[in-house]
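Novice: When you get a sec, could you give me coordinates for this:
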Amino acid sequence: MRLLLDEHYSPRVADRLRRLGHDVTTVRESTDVGGLPDADVLEVAVVQRRAVVTENVADFVALHRARVVAGRRHFGLIFTSPRRFPRTTPSIGRFVAALDAFLSAHPSEEALVDQAWWLDPVSR
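Specialist: From the prediction side, this is the model:
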């Protein structure tokens with residue numbers, strides 16, 4: 001599975017996941033995606049065959065529903081919350097571990113087609 005991390009997340013998260021062998025990019029790293037409305041971010045992810053990781057649940061759930069109703073596929077949404085995964089430097093390792101485990105459990109590019117999931121922390 002390939003990921004596009006929404007603008008909330010540091011490119012350091014993507015860098016660490018890439019070092020683990022995952023295909024991950026971020027809205028912040030991509031000059032053609034940064035600043036786009038959420039619907040356009042999702043469309044870019046579809047074109048690139050990527051699942052979107054975001055905290056913006058309200059907007060992306062609405063986009064998810066609209067696409068499913070219209071019969072327009074997407075490659076998945078992975079929701080997180082700042083309560084479970086604070087966006088602080090000390091928390092990056094926990095977030096990377098959770099995404100790494102999720103990606104390892106769902107390796108297929110089409111594993112999340114038209115689905116939305118909540119990311120859980122890795123149990124220790």
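Novice: Please enumerate the strands of the chain.
Specialist: Along the chain, counting by DSSP state E, strands occupy 2-5, 23-26, 51-54, 77-79, 116-118.
Novice: Just name the most buried of the ones you listed.
Specialist: strand 51-54 (a mean of 26; mean count of other Cβ atoms under 10 Å). The C-beta positions use only the backbone N, C-alpha and C, and glycine is treated the same way.
Novice: Can you list the strands that it pairs with?
Specialist: strand 2-5 (parallel), strand 77-79 (parallel) (DSSP bridges).
Novice: Run through the residues that contact the residue nearest to the spatial centre of the chain.
Specialist: By Cα atoms, centre = their mean, the chain has its centre lying nearest to residue 53, at 1.7 Å. Going by Cβ atoms under 8 Å, 6 or more residues apart in numbering, residue 53 touches 3, 4, 5, 6, 9, 78, 80, 99, 119.
Novice: For it, give the beta-bridge partners.
Specialist: Those that pair with residue 53 in a beta bridge, by DSSP bridges, are residue 5, residue 78.
Novice: pLDDT score assigned to it?
Specialist: pLDDT recorded at residue 53 is 98.
Novice: gap between it and residue 17?
Specialist: Applying Cβ to Cβ, to the nearest Å, the value for residue 53 to residue 17 is 10 Å.
Novice: Between the two, which contacts overlap?
Specialist: In contact with both residue 53 and residue 17: 3, 99, using Cβ under 8 Å, 6+ apart.
Novice: hmm, back to that, make TSV out of the strands of the chain and add distance to residue 63.
Specialist: Supplementary listing: those in TSV, determined by distance: least, Cβ to Cβ, whole Å:
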stretch	distance to residue 63
strand 2-5	13
strand 23-26	19
strand 51-54	9
strand 77-79	8
strand 116-118	10
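Novice: wait, which of those is closest to residue 65?
Specialist: strand 116-118 (9.3 Å; Cβ to Cβ).
Novice: for the strands of the chain, which one sits closest to residue 105?
Specialist: strand 116-118 (10.5 Å).
Novice: Check the offset of that closest one from the chain's centre.
Specialist: Mean-position distance between strand 116-118 and its chain equals 10 Å (Cα atoms, centre = their mean, to the nearest Å).
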